[in-house]
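Chemist: have a look at this prediction, sequence included:
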Protein chains: 2
Amino acid sequence: MAKAQSNVDRIHDRLRHMAADFEFKPDERINESTLATQLDASRTPIREALNRLVAEGYLTFQSGRGFFCRSLSPKRILDLYEARAAIECEAVRRSIERASDADIMAVVEHLDETEPAYDKIDDPVELLAMDEDFHVRLAKLSGNDELVRMLENLNGRIRYVRLINLKNLRSDRPVTIGEDANLSVHRTILSALSDRDVSRAIRATRNHIERRREEATEAVRIAYSQLYVPAD
Amino acid sequence: MAKAQSNVDRIHDRLRHMAADFEFKPDERINESTLATQLDASRTPIREALNRLVAEGYLTFQSGRGFFCRSLSPKRILDLYEARAAIECEAVRRSIERASDADIMAVVEHLDETEPAYDKIDDPVELLAMDEDFHVRLAKLSGNDELVRMLENLNGRIRYVRLINLKNLRSDRPVTIGEDANLSVHRTILSALSDRDVSRAIRATRNHIERRREEATEAVRIAYSQLYVPAD
DNA sequence: GAATCATAAATTGTATACAGTAACATATTC
DNA sequence: GAATATGTTACTGTATACAATTTATGATTC
């Protein structure tokens, strides 16, 4: 996604992260002037970026009242995970139809290369980025740009709660997320893909996402408590 | 979708239609000043709306060069239809889990009411609107707002080629779109839903959409010829 | 005549000003 | 003291101006 970034793109990126990480409080009205001075720009490009974020589902907009951060609810997280399952399963289905063996092998090799790192990496942010990267690569095998696009949008919006979830797991047990639970599932999906076994591949994908969903719904509660604790 | 419309919302709506109907030529650069005078507004709100349309996938944006109409290709239509299948099948799956009998019956009754009109209505625009309306109602049974949101976006972007397709069918045979091909499938989906028969419901949905897809891909070719014929 | 460069025109990118409106605080009435 | 009215503040919505950049035009060279 690295491209010739205009200023609006930069602001858009920055604001998207702020929205995803809930640097705005849920349902809070977003003050454009404050943002403008914070990001060292005028209100015009800020508003352009905010409008994009509305279309992307990060924010809402009310005529005459301005932009608002969308609230975070267990229901919405559930919705997003279901949408993700829909997109990824369709991607898998189409990958089996269309992806070449070579393309599939490339993803397998990428997994081989990155898998060892899972155990070493401590930073949840990096860990999550790797996981998202895998899923996007998987989706790209479908050759369907729209599915990829939608998945990237969903990833961005789910990221925050996944992060909360990862950080929490981490405090319980030392390094449990990378291995069996997650990675073997990734391999399962890929091997089913290689075998062109539609039902097995889809079942694996759906199970994988649904399991994550349950964790995420739990994470929302935790997220809420974190959001409203004043950082003193 | 009727809400308190601000000026930007109005412009956004208007521009979305213009983009969907390819009043801009594919890959053509969009002149902001011209639009501003056309829509009787300044460039500021126009640009805000254009930015939303970029996020919605209708337009592209290049730093320093401005906004462009996305090109229409058989490949992209295929992608959009696949995405639609993904979304609608997931919606059906969840509807079976969660929708009440009463809610399903409400959609059946709505179909009962509107079905007779299919034969009478001549206007392809209206016909298409009715079809989209049915599919959105179906999706809403899932209770998943994100799926509905995504479906509405896809509908908007597919609309033009579907319209071309409808107009073409119409010139061949008199009134063939409403009946067996389409409506009975709608009923099939609903009856499978009522029976809580997942595999039958999903199969019906997927078949329905895939059939439409084939027509649409063909329609792209026709659309192209229409787009580039100068209206003299 | 094609290619290259210089100049002019058009267009985008952003700051800013100001009008209109909503939110807030204060005063007034019962 | 609660509720309503009123004035003030703060913020949004949009037009406009201007700088920066790109595109178009024309001149010049080979």
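Modeler: On my side now, so go ahead. Numbers count the residues shown, from 1 in each chain, chains lettered A, B, ... in the order given.

Chemist: give me the pLDDT value at the residue of chain A found nearest DNA strand D.
Modeler: Relative to DNA strand D, the nearest point of chain A is A:G66 (3.2 Å; Cβ to the nearest atom of the strand). From N, CA and C alone the C-beta is placed, and that goes for glycine too. pLDDT, A:G66: 95.

Chemist: grab the nearest non-local neighbour of it.
Modeler: Distances taken as Cβ to Cβ, 6 or more residues apart in numbering or on different chains put A:R29 closest to A:G66, at 5.8 Å, once the chain neighbours are dropped.

Chemist: tell me, how many residues neighbour that neighbour?
Modeler: Neighbourhood size, A:R29 [other Cβ atoms under 10 Å in any protein chain shown]: 13.

Chemist: show me what the residue of chain A closest to DNA strand D is bridged to.
Modeler: Counting by DSSP bridges, A:G66 forms beta bridges with A:Q62.

Chemist: hang on, the earlier thing: just confirm the residue nearest to A:G66 contacts A:G64, I think it does.
Modeler: No. A:R29 lies out of contact with A:G64 (Cβ atoms under 8 Å); the separation is 11.6 Å.

Chemist: from the centroid of chain A, which residue is nearest?
Modeler: Nearest to the geometric centre of chain A sits A:N155, at 1.9 Å (Cα atoms, centre = their mean).

Chemist: residue with max distance from the center of chain A?
Modeler: A:G64 (31.3 Å).

Chemist: in contact with that residue, which residues?
Modeler: Applying Cβ atoms under 8 Å, 6 or more residues apart in numbering or on different chains, we find A:G64 in contact with B:S6.

Chemist: that one and B:S6: what is the separation?
Modeler: 7 Å (Cβ to Cβ, to the nearest Å).

Chemist: for A:E215, which non-adjacent residue is closest in space?
Modeler: A:N165 (5.1 Å).

Chemist: surely that neighbour touches A:T217?
Modeler: No. The criterion here is Cβ under 8 Å, and A:N165 misses it with A:T217 at 9.6 Å.

Chemist: looking at those two, which one has more neighbours?
Modeler: A:N165 (22 against 17).

Chemist: mind telling me what element that one is part of?
Modeler: A:N165 is part of helix A:145-172 when elements are defined by DSSP states H and E.

Chemist: care to break chain A down by domain?
Modeler: Domain assignment for chain A by automatic domain parsing gives A:7-69, A:74-228.

Chemist: for chain A, list the residues in contact with DNA strand D, please.
Modeler: Contact residues (Cβ under 7 Å from any atom of the strand) of chain A with DNA strand D: A:29-33, A:43-44, A:47, A:63-67.

Chemist: list buried residues within those residues.
Modeler: Buried by 16 or more other Cβ atoms under 10 Å in any protein chain shown: A:I30, A:R47, A:F67, out of these.

Chemist: pretty sure the second one is touching B:R52, no?
Modeler: No. Under the criterion of Cβ under 8 Å, A:R47 is not in contact with B:R52, lying 11.1 Å apart.

Chemist: and the one helix or strand A:I11 maps to, how far out from the chain's middle?
Modeler: Element membership for A:I11 (DSSP H and E) is helix A:7-20. Its chain's average C-alpha position is 15 Å from that of helix A:7-20, according to Cα atoms, centre = their mean, to the nearest Å.

Chemist: just the strands in chain A please.
Modeler: A:29-30, A:59-62, A:66-69 (DSSP state E).

Chemist: show me where chain A has helices.
Modeler: A:7-20, A:32-38, A:43-56, A:74-98, A:101-120, A:124-140, A:145-172, A:185-194, A:198-228 (DSSP state H).

Chemist: how about residues contacting stretch A:32-46?
Modeler: Stretch A:32-46 is contacted by residues A:N7, A:V8, A:I11, A:R14, A:L15, A:R47, A:L50, A:G66, A:F67, B:T44 when judged by Cβ under 8 Å, 6+ apart.

Chemist: now, which of those residues lie close to DNA strand C?
Modeler: Among these, proximity to DNA strand C is found for A:N7, A:V8, B:T44 (Cβ under 7 Å from any atom of the strand).

Chemist: ok, now how distant is the last one from A:K25?
Modeler: B:T44 sits at a distance of 28 Å from A:K25 (criterion: Cβ to Cβ).

Chemist: coming back round to it: now the domains of chain A in JSON lines, with distance to B:H110?
Modeler: Below are these laid out as JSON lines (distance: least, Cβ to Cβ, whole Å):
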{"stretch": "domain A:7-69", "distance to B:H110": "28"}
{"stretch": "domain A:74-228", "distance to B:H110": "24"}
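
Chemist: which of the ones you listed has the lowest mean pLDDT?
Modeler: Note on those: domain A:74-228 shows the lowest mean pLDDT, a mean of 88.

Chemist: just how off-centre is that one within its chain?
Modeler: For domain A:74-228, the distance to the chain centre is 9 Å (Cα atoms, centre = their mean).

Chemist: equivalent analysis for stretch A:37-50, please.
Modeler: A distance of 25 Å separates the centroid of the chain from that of stretch A:37-50, by Cα atoms, centre = their mean.

Chemist: pull the contacting residues for A:F22.
Modeler: Per Cβ under 8 Å, 6+ apart, neighbours of A:F22: A:C69, A:L72, A:Y160, A:A223, A:L227.

Chemist: now those residues in TSV, with distance to chain B and neighbour count?
Modeler: Converted to TSV, the contacts of A:F22 look like this (distance: Cβ to the nearest Cβ, whole Å; neighbours: other Cβ atoms under 10 Å in any protein chain shown):
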residue	distance to chain B	neighbour count
A:C69	17	20
A:L72	14	19
A:Y160	16	21
A:A223	18	22
A:L227	21	13
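
Chemist: tell me the one among those nearest to B:D112.
Modeler: A:L72 (39.9 Å; Cβ to Cβ).

Chemist: how about the nearest residue to A:V220, chain neighbours excluded?
Modeler: Nearest non-adjacent residue to A:V220 (Cβ to Cβ, 6+ apart): A:P74, at 4.7 Å.

Chemist: so what's the one you found up against?
Modeler: So A:P74 contacts A:T217, A:V220, A:R221 (Cβ under 8 Å, 6+ apart).

Chemist: which residues of chain A lie near DNA strand C?
Modeler: A:S6, A:N7, A:V8, A:A41, A:S42, A:R43, A:T44, A:P45, A:G64, A:R65.

Chemist: which other residues reach stretch A:92-102?
Modeler: Contact with stretch A:92-102 is made by A:104, A:138, A:141-144, A:147, A:189, A:193-194, A:196-198, A:201-202, A:205, B:82, as judged by Cβ under 8 Å, 6+ apart.
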